[in-house]
Structures are given as structure tokens and as C-alpha cells.
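Trainee: pasting a predicted model and its sequence here:
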Amino acid sequence: MRKLIILRGNSGSGKTTVAKELQNKFGRNTMLISQDVIRRDMLKVKDGENTEAIALLKELLIYGNIHSNVVILEGIMYADWYKPLFELAVELYDTKIYAYYFDLPFEETLSRHQTKPNCHEFGEEAMRRWWREKDFSDVLSEISITSEKDVESIVLNIYDTVLNS
């Protein structure tokens with residue numbers, strides 16, 4: 001059965017790092033769908049309610065459900081704006097969704113952002129504008145990831161959970 005891992009949270013929380021590590025750990029036939037890659041790099045569209053990126057993200061979820069053993073969907077993906085995407089995910093994957101929300105303090109996300117290669121592209125002001133406190137989805141049953149956990153333990157925990165279910 002196909003499995004979907006969803007990693008959401010504020011900018012700089014570690015979603016992309018964890019997603020890439022998980023893709024490497026699961027190996028072949030693991031599809032990584034990054035909201036930023038789709039929205040900013042492929043489509044060059046703004047984020048927001050009814051963003052054009054949602055249509056392509058939906059198509060990629062469908063493709064992944066048909067062709068990949070594990071799909072990893074990661075991004076900020078505000079709960080209200082991306083609700084239609086999450087509803088489709090539930091239709092496609094039913095109980096095989098492993099959803100995680102990176103619930104970190106703003107200061108921690110800012111500190112992490114400053115270690116990224118693209119840290120010069122935007123700074124604290126933009127991150128504060130984008131910030132949403134505890135933006136949990138009412139569609140997904142998300143597990144909270146806090147700043148006490150390091151990348152390695154997060155990856156191992158998610159990997160073991162998905163592999164053994």
C-alpha cells in the first residue's frame with residue numbers, strides 16, 4: 001500500500017532537511033514534493049488562498065499515489081489555504097498518511113534560517129509576516145515536532161513509524 005508523509009510548519013523549521021533525509025533513507029521509488037520547488041521554482045507564483053500551485057500539487061499527489069511507494073509532501077502549506085490538497089490526500093491515502101507539524105518558536109526558526117544557503121534571500125521581517133502560530137490542520141491528524149528533537153531522531157522516528165505500519 002502507498003504511504004504519504006506530510007511535513008508542515010513555519011519557514012526555517014527544518015521540513016526540507018528532514019524531507020530530503022527521509023527520501024534518501026527510504027531510497028528508490030520515494031517521491032519528494034516540495035511546495036517551494038513547485039510554487040517558486042517551477043511555476044513562479046505567489047502563495048495565498050487559491051494559489052495556482054495547488055492544482056499541480058494535487059496532480060503530483062495523484063501521480064505519486066499511482067507510481068511511488070512513499071510520497072513526501074513538504075512545505076509551509078497553511079492549513080486553511082491548502083485544505084483542498086489535504087482533503088485529496090485523505091481520499092487518496094486514507095489511513096496511510098503520516099502528518100507532522102513542526103511546532104517551533106519563532107526565534108528557533110529564525111536561528112535555523114540563518115544557517116541555510118539561501119538565508120540572504122529573505123530575513124526576519126519576511127519570516128515574521130509569514131509566521132503562523134500552531135497552524136494545525138483540521139483535516140490531518142498531525143503529530144507535533146518540537147525544537148527539542150534533532151534532525152536525526154526525527155528522521156529515524158518517522159522512518160520507523162512508516163516502515164512498521
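Mentor: All right, it came through fine.
Trainee: switch to C-alpha atoms for all contacts and neighbour counts from now on
Mentor: Will do.
Trainee: can you find the helix or strand of the chain with the lowest average pLDDT?
Mentor: helix 106-113 (a mean of 67; mean pLDDT, DSSP states H and E).
Trainee: after that helix, next one along is what?
Mentor: Remark: after helix 106-113, the chain's next helix or strand is helix 124-130, criterion DSSP states H and E.
Trainee: straight-line length of stretch 130-137, end to end?
Mentor: Distance between the boundary residues of stretch 130-137 (C-alpha to C-alpha, to the nearest Å) amounts to 17 Å.
Trainee: next one: stretch 26-36
Mentor: The first and last residues of stretch 26-36 sit 22 Å apart, counting by C-alpha to C-alpha.
Trainee: and what of stretch 18-36?
Mentor: For stretch 18-36, the first and last residues are 15 Å from each other (C-alpha to C-alpha).
Trainee: any idea how far the nearest residue to N29 once chain neighbours are set aside lies from S34?
Mentor: If the residues on either side of it in the chain are set aside, N29 comes closest to S68, at 5.2 Å by C-alpha to C-alpha, 6 or more residues apart in numbering. Distance, S68 to S34, using C-alpha to C-alpha: 15 Å.
Trainee: what's the answer for E49, then?
Mentor: Looking at E49 against S34, where the rule is C-alpha to C-alpha, the gap reads 18 Å.
Trainee: now swap in L4 and tell me
Mentor: Distance check for L4 against S34: by C-alpha to C-alpha, it reads 13 Å.
Trainee: again, but for E152
Mentor: The spacing between E152 and S34, counted by C-alpha to C-alpha, is 20 Å.
Trainee: what does S13 give?
Mentor: In this structure, S13 and S34 are separated by 14 Å, where distance is defined by C-alpha to C-alpha.
Trainee: please say which of the two ends up with more neighbours.
Mentor: Higher neighbour count among S13 and S34: S13, with 27 against 20, using other C-alpha atoms under 10 Å.
Trainee: which SS class is the more buried one?
Mentor: For S13, the secondary-structure state derived from DSSP: H, G, I helix; E, B strand; the rest coil is coil.
Trainee: hmm, who's touching stretch 126-143?
Mentor: Residues from elsewhere that reach stretch 126-143 (C-alpha atoms under 8 Å, 6 or more residues apart in numbering): 9-11, 78-80, 83, 86-87, 90, 98-101, 103, 106, 110.
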